[in-house]
Each structure stands twice: as structure tokens, then as C-alpha cells.
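Chemist: fold the following for me, if possible:
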Amino acid sequence: MSELHGVEAVVLVGGKGTRLRPLTLSAPKPMLPTAGVPFLEHLLSRIRSVGITHVVLGTSYKAEVFQDYFGDGAKLGLELEYVVEDVPLDTAGAIRNVAHKLRERDVMVFNGDILSGVDLHGIVETHRTAEADVTLHLVKVDDPRRFGCVPTDEEGRVTAFLEKTENPPTDQINAGCYVFRREVVLEIPEGRPVSVERETFPGLLERGARIQGHVDATYWLDLGTPAAFVQGSADLVRGIAPSSALPSEPGEAIVLGGAEVHEDAVLSGGTTIGANTTVAAGAVVDGSVVFDGAVIGEGAVVERTVLGAGALVQAGAVLRDAVIGDGAVIGARCELVGGARVWPDVVLPEAGVRFSADV
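Modeler: Okay, here's the model as predicted:
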């Protein structure tokens, strides 16, 4: 496939990831280990795979973590630049905040917490064929009531941006990926919060600008919640979601270097076992993300759970749909279910207690 020319990328990674706490207390959401590498690395690998090499990261929360890890991007074949957002500027404001780094005619913008299989070539082709001012990736979802929806006409032009409603007129939603003509970016007001959906896009429609929709039904997932984060990581491990950044071939599990997994343990469902982790005999780990240095004891069950770095799950404990902070200790025979979250370094006693709320 030919490389895209005259296109650069902006990735918005400034959010605090509050819905993923306590995981994001120590790292920004796009830097959380996802199928063996920081989530952002999967996105950057997709950007590089279509020939885009200049990428600007719009950062804010723990901005230094991105630059410390990726540096100038040379190891990924990219030229990375960083712009820090000192105060929250919303999506369009964040895009305008990086405008001084832009130099190509077309700018592809990504929300940094979306896992997608969309054809990036296809979006740019749609944009240029339509001679659009802005092109939006629109994805069809089963239940559009949970989102604002974006109707289009017979030529694919966007006609409106609608708030959440019980009776949406279309199943198309904004998927968090856009192509802007650079001139349109420069027209966004500078130095204040600006919403793309409530201000920028409606304003463009009012003055007759062409906003085009690129509609598909490819893989798409917003990783904003613990359940979605776990699902996204598992889908990457199993090869359901596309990425060239996996540290091994897709399968039921990825086991990183230095991990010790007993031959009688069972790993399944797209599990990731972090570096220097220990999984004891009889343990079952299904569809979970286990960060570096964690320990899972004999006969423990860990399902659809995120286990933080250095956390300890003692023998016979059961974790289902849980989030365990870094360094936490889950006592023997404890049971955590139904979205329970354990904050970093909390120690739960060996009492066989059942938890279903934050601890």
C-alpha cells in the first residue's frame, strides 16, 4: 500500500483518565501497559505504517512521561514533537494549541484513548476526493443512544451534530479521528477552551464549509473505562484489534520477559503477563492485564481484571472485573467482584471477605 504524503498527525493525550483510577495515578492513560506496550505505541505504529512520520503529541497530565519513554520518536521511525497544554482547552482548543508545529496541508487528528481498525488511507482518500474542510471518522454502533450522533446526506456530507437522545436518527457516532485542512486548524480560536462538536464543527456547517463523513463498521473501542481497557488489551493480544506493536504473535496470552508462569497455571482470553511477574500453580488468569512484578498465588482466579505493578494476590483469592492498584495486597481467599477497585498499597486481610466496591 502506498504511503500517505502531505499528511501529518496530532495525537491528543492530555486527559487525566479519571475513570481509570487508580491505574492513572502513576501514569497517563495512553501510557498504561496494553497488550505488552504502552497503548500509545500501538497507535503510533499504525500511524507510521501508512507513511506518516511527523507526529505532534498534545500533552498535559504527567507530560514528561511521554517524552521520557518515546524521546524524539526515532526508534519508531517517527519525528515526535511535544506541546504541553497548561490549562484544559477541550478537543478543538487542544488541536489549535499545537498549530505552530504543523507544516503539511492535511492534519490527521487522533484522540489518544481510542482503539480502532479504521483504514487511515481510506479516511484521507475520502477527505481529498470530497475536497473537504474536515473529514470525520464515523463508526456505526449497536446502541447510539449512549452517544451524540452524526447524520450524513446521500453524498456523505455531515448535516448536524446531535446530543444524546432516546431516539437517535442514525447509528453513526463521532469516532475520535479527523482530517483537517491545516488552514481550518488555524481558524480555531486560540488560548481558550473550544469544543469540536459544540463549537467548531457546527460553526463550519453554518458558514457552508464541507464536513465529510467517512463511515465504516471496523473495530472501534473507547478505552476510557476499566472494562473497556481490559477488553481492548485482550482484543489486541488475540489479534482482533490490529497492531504491529505486539511484542509477540497474537494468541491466548502474551508473557513478557522475566515472568515465571507455573506449568499448571492457565492463561487465556487475551491475557497479558507483565515482566518479572510470578503466576503460581493452579492459578487461572483469563482476559486480564497483569502489570510488571505482580505475584499471583496458588489457585487464585483472576478474570477480566487489571492487576497493578507489584501487586500481590494470595492463594485462593478470586478477582472478577476488578482493578487492583500498584503494590496492593489481596489476602488469601478474598473475593473481589463487580467492578471493585483497590487503591495502591492497600492490604486486604486473609479473611475470605467478599468485596464489590472501592477499597
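
Chemist: enumerate every residue touching the one residue sitting closest to the centre of the chain.
Modeler: Centroid-nearest residue in the chain: Asp113, 2.8 Å away (criterion: C-alpha atoms, centre = their mean). Asp113 sits next to Gly15, Gly17, Lys29, Pro30, Phe39, Asp222, Leu223, Gly224 when contact means C-beta atoms under 8 Å, 6 or more residues apart in numbering. For the C-beta atoms, the positions are set from N, CA and C on the backbone; glycine is no exception.

Chemist: dump the residue contacts of the residue nearest to it when sequence neighbours are not counted.
Modeler: Spatial nearest neighbour of Asp113, excluding adjacent residues (C-beta to C-beta, 6 or more residues apart in numbering): Leu223 at 4.9 Å. Contact analysis of Leu223 by C-beta under 8 Å, 6+ apart lists Lys29, Thr34, Phe39, Asp113, Ile114, Leu115, Phe229, Gly232.

Chemist: quick one: these as TSV, columns for pLDDT and distance to Pro349 too.
Modeler: Output for the contacts of Leu223, formatted as TSV (pLDDT from 0 to 100; distance: C-beta to C-beta, whole Å):
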residue	pLDDT	distance to Pro349
Lys29	85	31
Thr34	94	32
Phe39	93	34
Asp113	89	35
Ile114	91	40
Leu115	93	37
Phe229	93	28
Gly232	96	33
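
Chemist: sort out for me which of those are in helices.
Modeler: Mapping these onto helices (DSSP state H) picks out Phe39, Phe229, Gly232.

Chemist: and those residues, which is closest to Phe180?
Modeler: Using C-beta to C-beta, the shortest approach to Phe180 within the ones in helices among the contacts of Leu223 belongs to Phe39, at 23.3 Å.

Chemist: quick one: residues contacting that closest one.
Modeler: Lys29, Pro30, Met31, Leu32, Gly112, Asp113, Leu115, Leu223, Gly232.

Chemist: also Leu102?
Modeler: For Leu102, the contact set (C-beta under 8 Å, 6+ apart) comprises Glu8, Val10, Val56, Arg182, Val185.

Chemist: keep only those of these that are in strands.
Modeler: Glu8, Val10, Val56 (DSSP state E).

Chemist: out of those residues, who has the most neighbours?
Modeler: Compared across these, Val10 has the highest neighbour count, 26 neighbours, by other C-beta atoms under 10 Å.

Chemist: quick check, pLDDT for that residue.
Modeler: Turning to Val10, the model gives it a pLDDT of 97.

Chemist: could you dump the contacts of Phe39 to CSV with distance to Gly148?
Modeler: Shown next, in CSV, are these (distance: C-beta to C-beta, whole Å):
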residue, distance to Gly148
Lys29, 21
Pro30, 23
Met31, 28
Leu32, 26
Gly112, 20
Asp113, 17
Leu115, 20
Leu223, 19
Gly232, 22
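
Chemist: ok, and the most crowded of those residues?
Modeler: Ranked by neighbours (other C-beta under 10 Å), the contacts of Phe39 are led by Pro30, which has 28 neighbours.

Chemist: from Cys149, how far off is that one?
Modeler: According to C-beta to C-beta, to the nearest Å, Pro30 stands 26 Å off from Cys149.

Chemist: show me what contacts Pro202?
Modeler: So Pro202 contacts Phe161 (C-beta under 8 Å, 6+ apart).

Chemist: check contacts around Asp235.
Modeler: Contacts of Asp235 by C-beta under 8 Å, 6+ apart are Leu115, Tyr219, Leu221, Ala241, Gly270.
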